[in-house]
Structure formats: structure tokens, C-alpha cells
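> 3D, please:
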Amino acid sequence: MTVTNFLISPAEHAAPIKDLGRVSSLPERHGADVMWMDPTIKGLVGVQRKAIPDLVASVQDGRLAKEVAQLQTCKVAVVIVEGRPRWSSEGQLMMGYVKWSRTQHRSLLRSIQGRGIFVEHSDSIADTAALIREIASWVGKGDHTSLDRRPKPGPNNWGKVDDEAWACHLLQSVPDIGPVQAKAIWDHFDGAIPVALTTDAVELAKVPGLGPKRIAKILKAFNANDLTAVS
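Here you go, the predicted model:
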């Protein structure tokens, strides 16, 4: 498990944040409260936290504009909005004395994101510290493929060639084939997938990352019968 060496701004006095790492002046030069070097992305990650009253005040005195510009020097930059705003029935902020509307608030967050900076929300300063650790873990993964993965139905015979739900799911990878068309194909071919591979186990074995178990599953999914080639 990789240990992240967090650098904390000298202006950050809250214990949950200070306890993340050691004090350094480097974060302030990049508009951040917390910063670290991530070897996976080969660059700096900067996080600026803003409690709601401070967020509004920093817009009024120009600090946020400066910090956002500085954060853009980081490879990954995040602004954490700490706490949940309370709005009056007229849509005005009920925290602090500065007039600030819900529309202004949302517009500001979109403007920050428009500069290529992530905007996250936390419930408290302790939650902010936990969120920073989560961000470090997420950045350190490098590749993020959760949105590229096809959804998987619940357990039954899922993954077996004679399972209707699994077969229909596979057929829907074809453009313009939805659940209705997939079910019709399944029924017409008496519970078989009318799709064949154009290769065999020997060629599949040449693909980096495909071992015997994965190859066997691929062949089985397409009703191939040369499983002995991968044993």
C-alpha cells in the first residue's frame, strides 16, 4: 500500500487536516491547503478547502480568484466545499452576513469546474480529511474504468452460455440491439448465441493479460468447443 506524503499549508490550523502530514509552504504557492506529489500521474495534486462562509468571503476579497489560478498549475486540482449551505425561502444564504444567493453559489461552482478543477463537497472538517484521503487513493489508481464497465445482473447462472439473462446482455453489445431484440434472437435460436469467434485459443493466448482461465471463459461464451487448447 502506497503511503501519501501530504504537505499541509502553514495557514491550516485545524487538527484533522494538520494531522494528514507535515507543514510546508509549497501548497500556498499553488493555491492549496493540502498538496502531494503523485507518482502515478507524475504531477502535483492540490486541494483547497472552503467552509461556506469562507468561500463567500474569498469571492468578495479576491482570494478565490487567485487560488483558482494557482491551483491550475497542479495536474489535478480540487476545491472542497465544506458544510451544507442553508437557504432562506427567497434563496438567500442564511450563514454569515454577506448577501449570497443559491444561484450565485451554483454559478460559482460551475465556473470553478469550467477551469478544469474538481469541486467536491464534505459535511465537516473531519469529513474533509477523509475525503482528501479518498482523493489521493482515486488519483493513485491511475486508470479509472468504472464507467467503461458494462453492468452485471444479479446472481443466477450469470456467465454460463445457457443463461438467458447473460446471453441477452452479451447480445446488447451490438449497436441498435436492445433487450427486446436480444430476447427475440435468443428465442429464435433455441437458447444459443448466434455469434462466432474468428480466432482460436492459440491466438488469444498471444494477447497480453489473457491467461488460460480468461481464454476459456471467452471460448465458452461463444460456444467454442476447443477448450482443450487452453488447458
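
> wait, doesn't Q172 sit right on I185?
No: counting by CB atoms under 8 Å, Q172 does not reach I185; the two are 10.1 Å apart. Heads up, the C-betas are built off the backbone N, CA and C, glycines and all.

> quick one: which of these two has more around it?
I185 (18 against 15; other CB atoms under 10 Å).

> send the alpha carbons of whichever strand or helix holds that one over as CSV?
Taking DSSP states H and E as the criterion, I185 maps to helix 179-188. Taking Å, rounded to 0.1, in the frame of the first residue of the first chain, the C-alpha atoms of helix 179-188 are listed here in CSV:
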residue,chain,number,x,y,z
PRO,A,179,-33.4,-6.1,-24.6
VAL,A,180,-36.5,-6.9,-26.8
GLN,A,181,-34.4,-7.7,-29.9
ALA,A,182,-31.9,-9.7,-27.8
LYS,A,183,-34.7,-11.8,-26.3
ALA,A,184,-36.1,-12.5,-29.8
ILE,A,185,-32.7,-13.7,-31.1
TRP,A,186,-32.3,-15.9,-28.0
ASP,A,187,-35.7,-17.5,-28.6
HIS,A,188,-35.3,-17.9,-32.3
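
> Residues touching that helix, excluding its own?
E164, A167, C168, H169, L171, Q172, I177, I193, P194 (CB atoms under 8 Å, 6 or more residues apart in numbering).

> before we move on, what about stretch 50-61?
63-65, 67, 79-85, 93, 95-96, 98, 100, 108, 125.

> Give me the buried positions along the longest strand anywhere in the chain.
Longest strand in the chain by number of residues, with DSSP state E as the criterion: strand 43-51. Within strand 43-51, the residues scored as buried using 16 or more other CB atoms under 10 Å are L44, V45, G46, V47, Q48, R49, K50, A51.

> which one among these gets closest to V34?
Checking those against V34 by CB to CB gives V47 as the nearest, at 4.5 Å.

> Name the residues linked to the closest one by a beta bridge.
With DSSP bridges applied, the residues forming beta bridges to V47 are V34, V78.

> Distance check, it against V98.
24 Å (CB to CB, to the nearest Å).

> In the chain, what residue spans correspond to helices?
15-18, 26-29, 52-61, 63-71, 102-114, 125-141, 164-171, 179-188, 201-204, 212-221 (DSSP state H).

> pull the helix or strand with minimum mean pLDDT from this protein.
The weakest-scoring helix or strand in the chain, judged by mean pLDDT, DSSP states H and E, is helix 164-171 (a mean of 80).

> From the contact counts, what lies against that one?
helix 179-188 (3 or more CB pairs under 8 Å, 6 or more residues apart in numbering; DSSP states H and E).

> Now for L93: which residues touch it?
L93 neighbours (CB under 8 Å, 6+ apart): I52, V56, P85, R86, W87, K99, W100, S101, R102, H105.

> Single out whichever of these has the smallest pLDDT.
Note: of the contacts of L93, the lowest pLDDT belongs to K99, at 87.

> Could you tell me how many residues sit around it?
9.

> In contact with the residue lying closest to it once chain neighbours are set aside, which residues are there?
Nearest non-adjacent residue to K99, counting by CB to CB, 6 or more residues apart in numbering: Q92, 6.5 Å away. By CB under 8 Å, 6+ apart, the contact set of Q92 is K99, W100, S101, R102.

> Show me which of those is closest to C74.
For these, the nearest to C74 is W100 (27.1 Å; CB to CB).

> now the helices of the chain as JSON lines including distance to T40?
Shown next, in JSON lines, are those (distance: least, CB to CB, whole Å):
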{"stretch": "helix 15-18", "distance to T40": "23"}
{"stretch": "helix 26-29", "distance to T40": "19"}
{"stretch": "helix 52-61", "distance to T40": "30"}
{"stretch": "helix 63-71", "distance to T40": "19"}
{"stretch": "helix 102-114", "distance to T40": "23"}
{"stretch": "helix 125-141", "distance to T40": "5"}
{"stretch": "helix 164-171", "distance to T40": "32"}
{"stretch": "helix 179-188", "distance to T40": "38"}
{"stretch": "helix 201-204", "distance to T40": "29"}
{"stretch": "helix 212-221", "distance to T40": "25"}
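
> Great, nothing more from me.
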